[in-house]
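Visitor: just to be clear, the model below is a prediction. Sequence and coordinates:
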Amino acid sequence: MPVDQILRGLKRFQKKVYPKHRELFRKLALQQRPTALFITCADSRIDPCLLTQTKPGELFLSRVIGNIVPRYPESIGGVSATIEYAVGVLGVSDVIVCGHTDCGVMKGVLNPEALKPLASVSAWLEHAEPARLAVEKSRGVLSDADFLLALTERNVVEQIGNLRTHPSVAARLEKGSLKLHGWVYHIGKGIVTTYNTRLERFVRVRTVKPRKSKPRTRA
Ligand SMILES: [Zn+2]
């Protein structure tokens with residue numbers, strides 16, 4: 001069944017969506033110029049283009065469980081190659097690391113015994129261990145839900161730190177031509193909080209400007 005549903009979606013795309021955006025797809029067939037690298041969890045509930053209302057060609061995506069970025073040169077592989085290509089070749093101006101609420105991977109970090117039979121997952125989650133250690137002291141102080149959120153947020157901050165160890169990222173930061181952003185997507189609320197380096201905490205992104213008060217009219 002599920003693949004039939006996927007194929008029906010493909011048919012609908014070809015019949016209705018593609019013709020509407022034919023010019024865009026023709027341009028994209030020849031080149032891409034994404035503005036940002038978006039690194040997020042592989043979780044099926046995250047749709048980066050839906051969340052940011054971006055079109056095909058605007059976001060370069062790296063999707064991996066736990067939105068983890070191994071420190072360079074540890075675990076050189078798909079994630080590090082994607083970063084190097086996006087930052088060094090495509091020249092994106094921004095990198096966003098986006099964690100999310102109810103992340104199964106973050107729950108796994110808190111319960112590593114349950115993951116022992118999964119050798120690859122367990123090894124991968126080692127990269128989130130510094131985040132766990134950083135928040136460990138608040139375990140038992142915070143409610144379980146708040147502790148999971150604290151770990152999720154800290155993990156984003158740690159992965160941004162790891163990003164800085166990649167030579168392509170470090171070179172662009174040195175030039176001042178790259179910005180790094182830490183996000184947490186709150187799935188049930190449809191909101192995003194972003195890491196404020198000055199406040200050292202996550203704050204809600206205000207996407208709508210407050211209304212200007214009407215200028216006073218003279219009597
Ligand atoms: Zn996740």
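Guide: Received the coordinates, thanks.
Visitor: which ones are touching residue 74?
Guide: Applying C-beta atoms under 8 Å, 6 or more residues apart in numbering, we find residue 74 in contact with residue 127. (C-beta placed from N, C-alpha, C; glycine too.)
Visitor: could you pull up phi and psi at it?
Guide: Backbone torsions of residue 74, given as degrees, to the nearest 10, read phi -70, psi 150.
Visitor: again, but for residue 97
Guide: Note on residue 97: backbone dihedrals following degrees, to the nearest 10 are phi -100, psi 120.
Visitor: please name the bridge partners of it.
Guide: residue 39, residue 182 (DSSP bridges).
Visitor: distance-wise, check it relative to residue 64.
Guide: To residue 64, residue 97 is 11 Å away according to C-beta to C-beta, to the nearest Å.
Visitor: what residues are shared contacts of the two?
Guide: With C-beta under 8 Å, 6+ apart as the test, residue 97 and residue 64 both reach residue 39.
Visitor: and the two? Which one has more around it.
Guide: For the pair residue 97 and residue 64, the greater number of neighbours falls to residue 97 (26 against 19), based on other C-beta atoms under 10 Å.
Visitor: which SS state does residue 61 fall under?
Guide: Using DSSP: H, G, I helix; E, B strand; the rest coil, the structure places residue 61 in strand.
Visitor: ignoring the adjacent residues along the chain, who's closest to it?
Guide: Nearest residue to residue 61, sequence neighbours excluded (C-beta to C-beta, 6 or more residues apart in numbering): residue 38, at 5.4 Å.
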